[in-house]
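*Asks:* Starting from these lines, generate the structure:
(one chain, ligands or ions: 2)
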Amino acid sequence: MPMSHLPGTSAATRPRVLIDCDPGHDDAIAIVVAARHTELLGITTVAGNAPLDRTTRNALIVRDLLGIDVEVHSGADRPLVAPPVHADYVHGESGMDGADLPEPVRPADGADAVAFIIDTCRANEGTWLVPTGPLTNVALALRAAPDLADRVAGISLMGGGTFGNRTASAEFNVWCDPEAAATVFGFRGPLVMSGLHLTHGFQATPERIARVRRIPGRLAAVLADLFDFFSGTYVSRHDGLLGAPVHDPCAVLALTHPELFEASDAHVAIELRGEFTRGMTVVDRRRLLDRPAPNCRVLERIDDEAGFDVIDEAIAAFSR
Ligand code: RIB
Ligand code: CA
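*Replies:* Numbering: from 1, shown residues only. Ligands and ions are numbered 1, 2, ... in the order given. Just a heads-up that it's a prediction; the model follows:
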């Protein structure tokens, strides 16, 4: 089913967005697309791909590389219940290895991401929360301020899917903090899921990375180096992948370019207890008439060529 515009978004308007992320090579691309195509109200950071101090540093660096004036607030340095785990095997020790990155020009604007999320959403009705890392900050905000569920336009997240990556059944963002994911998937507002079965169809192939490298300017050169590293770790650890799935920008493109996607509505539950399935997004695909009501728009397929055209244009717009 082609995806129509979601409430709160249209081709004419720029959706209001707050990104919560764990940069992260693909988180960086999500920020580039959001800076180009949304009213980006703020960036909050969470531990995930790397410890919080590194994901926050990386968000600051991306802000500087884009030359945008947006606040960055750091948040949770560990999940609600699970022990902290990182993904240096994919993103490197820094969380964004592979490029010669500048030192941040200035520090984060705060260290209470939850308060920033709550205050920003209360001051800007109709904001989309776009989490692209573990859902700890967003869950804490929803728990502390239940009114957010009626104030936000919705939540468009990268996470989950019909198969896993950290385990056979669980995707990293959800697996890191399943309790937080259960809170988010139960929030009852509009929810859009960019899961692995979608994002594995959105790969940074060598041809696409070469296209980025041909874009003039420093940002493009840095991002091409980051893509090379990210794809290198992915391709070396998988069979059948031509490049790294560029997961996180899908959660932004879902709002800014919904015409790129096919989607279905389904009930999605988060497994918290299974020995082999903790952190699994259980997508109910049954055709039963009495199946649970859908709580999520599940993105199924992306027009990957058109999607990368959007990324290339956004990079070029900020490259100088
Ligand atoms: O499983 C992919 C997700 O985990 C992406 O958001 C990536 O950045 C990591 O956070
Ligand atoms: Ca991420």
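
*Asks:* Report the contact partners of residue 171.
*Replies:* 159-161, 164-165, 195-196, 279, 281 (Cβ atoms under 8 Å, 6 or more residues apart in numbering). In this view, the C-beta of every residue, glycine as well, is placed from N, C-alpha and C.

*Asks:* typed the wrong thing, it's residue 145
*Replies:* Contacts of residue 145 by Cβ under 8 Å, 6+ apart are 118, 121-122.

*Asks:* If you rank every helix and strand of the protein by mean pLDDT, what lands last?
*Replies:* helix 88-91 (a mean of 89; mean pLDDT, DSSP states H and E).

*Asks:* Mind giving me the packing neighbours of it?
*Replies:* helix 218-237 (3 or more Cβ pairs under 8 Å, 6 or more residues apart in numbering; DSSP states H and E).

*Asks:* ok, the helix it packs on near ligand 2 or not?
*Replies:* No - for helix 218-237, no contact with ligand 2 is found by Cβ under 5 Å from the ion; the gap never falls below 11.2 Å.

*Asks:* moving C-terminal of that helix, what's the next helix or strand?
*Replies:* Counting by DSSP states H and E, the next helix or strand C-terminal to helix 218-237 is strand 244-245.

*Asks:* what sits up against the helix or strand following that next one?
*Replies:* Using DSSP H and E, the helix or strand that follows strand 244-245 in sequence is helix 249-256. The contact list for helix 249-256 (Cβ under 8 Å, 6+ apart) reads 3, 6, 9, 14-15, 17, 19, 26, 29-30, 32-34, 37-38, 128, 130-132, 156-158, 192, 194, 198-199, 202, 260-261, 299, 302, 307, 310-311.

*Asks:* give me the subset of those touching ligand 2.
*Replies:* residue 132.

*Asks:* Separate out the buried members of the contacts of helix 249-256.
*Replies:* With burial judged by 16 or more other Cβ atoms under 10 Å, the buried subset of these is 3, 6, 9, 15, 17, 19, 26, 29-30, 32-34, 37-38, 128, 130-132, 156-158, 192, 194, 198-199, 202, 260-261, 299, 302, 307, 310-311.

*Asks:* tell me, which of those residues make contact with ligand 1?
*Replies:* By Cβ under 6 Å from any ligand atom, the members of those lying near ligand 1 are 26, 132, 158.

*Asks:* per-residue pLDDT, the first one?
*Replies:* Translated: residue 26. At residue 26, the predicted lDDT confidence score is 98.

*Asks:* wait, isn't it in contact with residue 230?
*Replies:* Yes - proximity of residue 26 to residue 230 meets the contact threshold set by Cβ atoms under 8 Å, at 7.0 Å.

*Asks:* picking up where we left off before, and the contacts of residue 171, which is closest to ligand 2?
*Replies:* The closest of these to ligand 2 turns out to be residue 159 (Cβ to the ion; 8.6 Å).

*Asks:* Now do the buried residues in the lengthiest strand in the chain.
*Replies:* With secondary structure taken from DSSP state E, the chain has its longest strand at strand 261-270. Using 16+ other Cβ under 10 Å as the test for burial, strand 261-270 gives 261, 263, 266-270.

*Asks:* Let me know the angle separating that strand from helix 249-256.
*Replies:* 120 degrees (axes from the mean of the first three to the mean of the last three Cα atoms, to 10 degrees).

*Asks:* what about strand 261-270, distance to the chain center?
*Replies:* How far strand 261-270 lies from its chain's middle: 17 Å, per Cα atoms, centre = their mean, to the nearest Å.

*Asks:* interface residues of the stretch 1-150 of the chain facing ligand 2?
*Replies:* Counting by Cβ under 5 Å from the ion, the stretch 1-150 of the chain comes close to ligand 2 at 22, 24, 27, 132-133.

*Asks:* Give me the secondary structure label for residue 140.
*Replies:* helix (DSSP: H, G, I helix; E, B strand; the rest coil).

*Asks:* same check, this time on residue 42
*Replies:* Applying three-state DSSP: residue 42 is strand.

*Asks:* same check, this time on residue 311
*Replies:* Relying on three-state DSSP, one would call residue 311 helix.
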